[in-house]
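K.L.:
Got a predicted model here, sequence first, then my questions.
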Number of protein chains: 2
Amino acid sequence: MALIVQKYGGTSVGTPERIQAVADRVIRWVQQGNQVVVVVSAMSGETNRLVGLINAIDPDGSAREKDVILATGEQVTIGLLAMALEKNGQPARSYTGNQARIITDAAHTKARIRNIDDQAIHADLALGRVVVVAGFQGVDSGGNITTLGRGGSDTTGVALAVALRADECQIYTDVDGVYTTDPRVEPKARHIPRLTLEEMLEMASQGSKVLQIRSVEFAYKYDMPIRVLSSFDEVDNAKSTLVTREEEVMEEVMVRGIAFNRDEAQLTIAGVPDQPGVAFRILGPIAEANIEVDMIVQNIGSDGLTDFTFTVNRGDYRRAQKLLQATADAIGAESCEGNTGIAKVSIVGAGMRSHAGVASRMFSALASVGINIHMISTSEIKVSVVVDEKYLELAVRELHAAFGLGDEGGGA
Amino acid sequence: MALIVQKYGGTSVGTPERIQAVADRVIRWVQQGNQVVVVVSAMSGETNRLVGLINAIDPDGSAREKDVILATGEQVTIGLLAMALEKNGQPARSYTGNQARIITDAAHTKARIRNIDDQAIHADLALGRVVVVAGFQGVDSGGNITTLGRGGSDTTGVALAVALRADECQIYTDVDGVYTTDPRVEPKARHIPRLTLEEMLEMASQGSKVLQIRSVEFAYKYDMPIRVLSSFDEVDNAKSTLVTREEEVMEEVMVRGIAFNRDEAQLTIAGVPDQPGVAFRILGPIAEANIEVDMIVQNIGSDGLTDFTFTVNRGDYRRAQKLLQATADAIGAESCEGNTGIAKVSIVGAGMRSHAGVASRMFSALASVGINIHMISTSEIKVSVVVDEKYLELAVRELHAAFGLGDEGGGA
């Protein structure tokens, strides 16, 4: 008998009919001899409705009160799903974040889970009940309601799986797993049945929006296998992607997939005096303004001057640009330029750390179709480049072919 | 400095604009030097929306899960009102039923309050905060979310006022207090500035739907003054009705007002053997089916036979009628009849206990316009009669005049 934590997103529980379908699916897993804990999001549309009410009062209002309001979305779903299970003869019990004792820090609207008390849930499971837990929410040590931020239900799912020592955390979404790249860009994209958590982390952070990145970090830290499935597939005929620690993956391929991201913008400060501490003087004000920086490249300087380039989310571009101009004036840099017409393309694969030549094969593939590279950054298991946004689709398809990802039988 | 608990119903918080208006009103009370605790209902329409979702899954579903779902309505309102207060510079803090430690019994959907922990709320008040508490909800000793049933927010308000030793509990509604009778039936109805809790109890239970009856019982038990006000009146120019224990009321009038109720139906079982225990044999099955009985009249028997008449809610009439027929067959009664075309009219007044002749003046007034009385029942401070429904308005107006309620300067 396995203990499985299943997480269903807002679309999967978007109507009473779909909630009933989720109940049917959960019961199938129970009938196959499993104990099941279900984590649910708010019904699709509900969070937006609540945000609308909040904005009608005060968009900049108290984060504590926003959490009180937002947490109601998931609370409605747990009650409805527990009722749907019981209607079909399956004993069930709903838990709010507070009732599940999901203790977080006090960072309202983006809290982090500190601890989960597994005793009550284990007791209910032992009684043959399915336990339905509200995703996205917890309480701080003072009993204040907190939320985990966007995608937080995935994190709840994984954290619960860890706390309960579950055998697997299943994330149900509207896709049946991870593909070698986005099939809307490259129709030859192949389904990936298994990949490492590190690869998933890179795929997720690079824009494959299947799993929330913090949940993958959590799973990595605690070695919890995640299975991504579609809640719209037939129960007995479901494709899925199993994401585990590297050592468990059978066959190690060099490049697992191509990720990409159109949401970034690039900023360059040129002719910067090449002195110790200059990177901090440039990025310090950006970080203080809570703007996240993704890629950072500093060219080797000549004449005591250097260029410094980085990327931010497009939504933060204007704010970052103003801050950078102020820094440029203060440190006497030559110029300050930006570009919002870029895209980032990455090749990801745990195998590339033991294979030379992956990056050069990437560059040569892009050169062969005349795509110019603006920035390059590498990690142990990925190589990312920034190109003009208009070349994005071409770059993805070219790389997909160059690393043999469309072929039957695995990557190059 | 007074400590005031204010309760606002669903219509008063029905839109973000109205929530803002409530915030303005609360701030005026604070500026006048009061500490204020606010109890709110769900925004109007919200509870019906949630009931719709519940019914789409399972109308007969688990009461525990229904409470989990229904409690979200008030939780949204407390967050929005706290934000609206803070937006206008007034520190505030929301409390769910659980956070306010409103401990109830475990009777889901109709729980009763056992205890409230006032410490955290008093601490917040001492910090200059307005405390906003979700009405209608609590938790049982096992931490399960409970709701208090229809009108439960009034009860939350009074119970909180008692627990916090408040000076007054203000109930804001869409009317500015209690009238001598419904002004839609008798345009000469007068506003009552002050009445006793006992009178309010009778007025409420007789169909004046201003206050939920349990909240009045609670206020009576703990001697908590209730003030009924309109949330649509100007703050400084508001009429209200203050409801207190009898001893505090200055001028005692014989008849305070005329209450009525069209929601009842009458059932008669005739020719019943007049033996000990027969009332129980007749009403036992009715009570077991959870049908509430209001008036009960048993006529003196002759020839060892008696008639037995009682009233139930019209919604329960058919079920009650079936049960009564079965009883009639079992005990060998002569017949079993019913009438749904009736209405109950009552005169209410704490002064009538020390004045003879009130009932006879009532009967004579009704006789003078040819209204036949089907049933009579009396208590210390009220006399109720059942008449044909078609005479209801005539009866109310006639009694209103007969007891001088329309005159300037008080009742007879």
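P.N.:
That came through fine.

K.L.:
for the stretch 101-250 of chain A, which spans come out with low pLDDT?
P.N.:
Scanning the stretch 101-250 of chain A for pLDDT under 70 picks out the ranges A:204-209, A:235-237, A:246-250.

K.L.:
now the residue in it that chain B sits nearest to, nearest residue through space, not along the chain?
P.N.:
Residue of the stretch 101-250 of chain A nearest chain B, by Cβ to the nearest Cβ: A:Gly143 (5.8 Å). Any C-beta I mention is one placed from the backbone N, CA and C, and that applies to glycine too. Excluding the flanking residues, the one nearest A:Gly143 by Cβ to Cβ, 6 or more residues apart in numbering or on different chains is B:Gln99, at 5.8 Å.

K.L.:
dump the residue contacts of the one you found.
P.N.:
A:Gly143, A:Asn144, B:Ala120 (Cβ atoms under 8 Å, 6 or more residues apart in numbering or on different chains).

K.L.:
doesn't A:Asp105 make contact with the second one?
P.N.:
No: contact status for A:Asn144 versus A:Asp105: not in contact, 10.8 Å apart, counting by Cβ atoms under 8 Å.

K.L.:
Compare the two and say which is more crowded by neighbours.
P.N.:
Taking neighbours as other Cβ atoms under 10 Å in any protein chain shown, A:Asn144 and A:Asp105 compare with A:Asn144 leading, 19 against 14.

K.L.:
What parts of chain A come near chain B?
P.N.:
Within chain A, the residues that sit near chain B (Cβ under 8 Å from any Cβ of the partner chain) are A:16, A:19-20, A:50, A:53-54, A:56-58, A:61-62, A:64-69, A:71-72, A:75-76, A:78-80, A:82-84, A:86-87, A:93-94, A:96, A:98-99, A:143-145.

K.L.:
Which parts of the stretch 301-412 of chain A are helices?
P.N.:
A:317-331, A:358-368, A:392-402 (DSSP state H, counting those that start in this stretch).

K.L.:
do the same with chain A
P.N.:
Residue ranges of the helices in chain A, as given by DSSP state H, are A:16-31, A:46-57, A:63-87, A:119-126, A:152-163, A:197-205, A:213-222, A:278-288, A:317-331, A:358-368, A:392-402.

K.L.:
which residues of the stretch 151-300 of chain A fall in strands?
P.N.:
Using DSSP state E, counting those that start in this stretch, the strands of the stretch 151-300 of chain A run over A:168-173, A:178-179, A:191-192, A:194-196, A:226-230, A:240-244, A:257-261, A:264-273, A:293-298.

K.L.:
could you dump the ones you listed to JSON lines with distance to B:Ser41?
P.N.:
Putting the strands of the stretch 151-300 of chain A into JSON lines (distance: least, Cβ to Cβ, whole Å) gives the following:
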{"stretch": "strand A:168-173", "distance to B:Ser41": "36"}
{"stretch": "strand A:178-179", "distance to B:Ser41": "46"}
{"stretch": "strand A:191-192", "distance to B:Ser41": "50"}
{"stretch": "strand A:194-196", "distance to B:Ser41": "51"}
{"stretch": "strand A:226-230", "distance to B:Ser41": "41"}
{"stretch": "strand A:240-244", "distance to B:Ser41": "45"}
{"stretch": "strand A:257-261", "distance to B:Ser41": "46"}
{"stretch": "strand A:264-273", "distance to B:Ser41": "47"}
{"stretch": "strand A:293-298", "distance to B:Ser41": "47"}
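
K.L.:
now for those strands, which one comes closest to B:Lys322?
P.N.:
strand A:168-173 (47.9 Å; Cβ to Cβ).

K.L.:
Each with direction, which strands does the closest one pair with?
P.N.:
strand A:3-8 (parallel), strand A:226-230 (parallel) (DSSP bridges).

K.L.:
Can I get it in PDB? Just the C-alpha atoms.
P.N.:
Extracted in PDB, the C-alpha atoms of strand A:168-173 (Å, rounded to 0.1, in the frame of the first residue of the first chain):
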ATOM      1  CA  GLU A 168       5.100  10.000  -4.400                       C
ATOM      2  CA  CYS A 169       3.700  13.500  -5.000                       C
ATOM      3  CA  GLN A 170       1.500  13.600  -8.100                       C
ATOM      4  CA  ILE A 171       0.900  17.000  -9.700                       C
ATOM      5  CA  TYR A 172      -2.200  17.000 -11.900                       C
ATOM      6  CA  THR A 173      -2.300  19.800 -14.500                       C
END
